[in-house]
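S.K.: Sequence first, then the predicted structure:
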Amino acid sequence: MGIFSAIEKRYKHLQRYNRIISVLLKYGFEDAVAYMEENKRFTFLKKLIPKSTYIHAMNLSKWEKMRMVCVELGPTFVKFGQILSNRPDLLPAQLISELEKLQDSVPPVAGELAVQVVEVELKGKVADLFQSFDTHAFASASMAQVHKATLKTGEKVVVKVQRPGIQQVIEEDIKVMYYLADLFSRRIPSLKSFDPVGLVRNFEESILKELDFVHESVNIQRFNNNFVSDPNNKGYIHAPVVYRKFTTSRVLTLEFIDGIKISDIAKLEAAGLNRKLIARRLAASYFKQVFNYGFFHADPHPGNIFILHDNIICFLDFGLMGNILHKDVEQLGNLFLSVTSMDVRKIIRAFQLLSDNPTIKDFRALETDLTEFVQNYAVRDINESEVSSLLISLKDIIVKHGMKVPTHFYLLARSLVSVEGVIRQLDPELDLEKMMRPYLVRTIWKHYDPLKFVTSLANSVYDMGIYMEELPRDIKTAIRKINTGEVKVDLRHQGIDPLVHTINRVTKHIVTGIIIAGFFVGSAQMVIHNVKPLWGETSAFGIFGFTVAAILAYGMINDLRKGDRDDWSGWKKD
């Protein structure tokens, strides 16, 4: 059974690989396929694609084609594109714009299949678990769908059910992604700086978390606890209650939220709700999430925010959340305050402390760009001075000067665009900068808290004492390893790789030449002595040997024609 299972997996892998090649060819990415297929098999596959598809693809831009490739390859690649849309430091703005259009909505699976998943996961019949369960999904996405239900105790709930087989599909796609990322890294040296394998690894971590509904339930409870435990919280932020007894990695049961979509202004006014108060509460809640808790909702579009009675704001869909380290929160605060005070040097310092690559190649050019930015920012009016536009403009400067900041910086910028868009609908006159400033000041002052400073100093003294205590032992251990030969030195000569490649190439030609000579001499002997079987009056083995020798000779001559600098990627590093 193990052998057949392995063969089946290999078949599915090849089937998916061929599907990817076909879609890439359909949208005119022959150059990418050429790197994937050394034997030029794609020329045959290309003939199988109808001509009408090429005509359709010709009307699309390169970036639109990339988006359509993701759409046609299914939910895994759509999710990958959505995550990549948060990496403007790696991808061009035109592609980011297209990837942001990706939607993962698909028709729901049959209700009977969803019921089967629920019964397997919750280990019981739906009729025994729920008072009622609507088999018709009222919302559906690529990885899950949502059903209304009522518990035996009378509470109305929604049950999020993972689509059957989706995990296996995604895991198989990720294997193909790893293979392609490794392939492109080796065959296209210019892609190494983007770390394709690392991107796939980050995507794998993200999507496997999203597939685990227990992880989402933890996000909801953590989000809710942040507000509940906040002494300044006034109870105007709500998150759905999680019913743990009815929650597993594939089934998530939540409180049913009967509210009004935050962007439905007419219904909000008809219900007597206060638009301006809702706008202020939403802004305050988001600033708290970022600057007080370091844990924020990363997908706050209008469909994920509902308004309940008494102007209470309820967030939905906690699959994608942003986490910010406390030190990064401080630097974000410094960054915003430095912009408002037009202190370019402090902005650069905040950039460096946020960046994974703090080296600045051209300090004067960066200083010039930032000076122009803060001067333009200072003359904007209240409706133009949006926090999101500030972050996006800074993002463009960061990317331009080759600095790398944590991914949550871009995730936050994108989230703020959604939040501010909603706030502007509710209250166009609300000054977000003025509202944000107290949160920034409190964030900065936390760093200078005397008690925190004393605690940090005591910890540093303690760590230094431990280090000094262990130092003699570490030196003794290092000397012992040197004496016993346990220390190894990895010495590499940068200029030796081309020489090694040339020697290997010459050796291959010599060996090939000897094999060709052997085939010619052996075949000639067979022809001379009429070794049977015969083809006509000539030895068939002799003819076969001459044919093989001719093919090998053609290949070697073709290789020699390339000269010493063949298509080896190492030459491109010179």
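M.R.: It's in.

S.K.: Please report the distance of the closest residue to Phe256 other than its chain neighbours from Tyr243.
M.R.: With CB to CB, 6 or more residues apart in numbering as the criterion, Phe256 has its nearest non-adjacent residue at 4.0 Å, and that residue is Lys156. C-beta here means a position set from N, CA and C on the backbone, and glycine is covered the same way. Per CB to CB, to the nearest Å, Lys156 is found 11 Å from Tyr243.

S.K.: Between those two, which has more neighbouring residues?
M.R.: Set Lys156 next to Tyr243 and count neighbours by other CB atoms under 10 Å: Tyr243 wins out with 17 against 14.

S.K.: burial of the residue lying closest to Ile515 once chain neighbours are set aside, as a residue count?
M.R.: Spatial nearest neighbour of Ile515, excluding adjacent residues (CB to CB, 6+ apart): Leu552 at 6.4 Å. Residues near Leu552, counting by other CB under 10 Å, number 15.

S.K.: One more: Leu183?
M.R.: 14.

S.K.: got it, and Ile260?
M.R.: Neighbours around Ile260, by other CB under 10 Å: 17.

S.K.: Test my guess that it contacts Ala266.
M.R.: No. Using CB atoms under 8 Å, Ile260 makes no contact with Ala266, being 9.7 Å away.

S.K.: Next secondary structure after the helix or strand hosting Ser206?
M.R.: Per DSSP states H and E: Ser206 is located in helix 196-211. Next along the chain after helix 196-211, taking DSSP H and E as the criterion, comes helix 213-228.

S.K.: Do I have it right that Val419 meets Arg281?
M.R.: No. Judged on CB under 8 Å, Val419 makes no contact with Arg281 at a distance of 11.8 Å.

S.K.: So which of those two has more stuff around it?
M.R.: The residue with more neighbours, out of Val419 and Arg281, is Val419; 23 against 19, by other CB under 10 Å.

S.K.: confidence score at that one?
M.R.: Confidence at Val419, expressed as pLDDT, is 89.

S.K.: Run through who's touching whatever helix or strand it lives in.
M.R.: Assigned by DSSP H and E, Val419 belongs to helix 407-426. Outside helix 407-426, the residues that touch it by CB atoms under 8 Å, 6 or more residues apart in numbering are 85-89, 202, 262-263, 265, 275-276, 278-279, 282-283, 286, 290, 296-302, 305, 322-324, 328, 332, 354, 383, 386-388, 391-392, 395, 430, 432.

S.K.: Give me the helix or strand of this structure that scores worst on average pLDDT.
M.R.: The least trusted helix or strand in the chain, going by mean pLDDT, DSSP states H and E, turns out to be helix 42-47, with a mean of 46.

S.K.: Which residue ranges of the stretch 201-350 of the chain form helices?
M.R.: 213-228, 265-270, 275-287, 326-340, 344-354 (DSSP state H, counting those that start in this stretch).

S.K.: In a markdown table, list those along with distance to Ala478.
M.R.: Shown next, in a markdown table, are the helices of the stretch 201-350 of the chain (distance: least, CB to CB, whole Å):
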| stretch | distance to Ala478 |
| --- | --- |
| helix 213-228 | 43 |
| helix 265-270 | 69 |
| helix 275-287 | 50 |
| helix 326-340 | 32 |
| helix 344-354 | 32 |
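
S.K.: follow-up on the earlier one: common neighbours of Lys156 and Tyr243, please.
M.R.: Joint contacts of Lys156 and Tyr243 (CB under 8 Å, 6+ apart) are Glu255.
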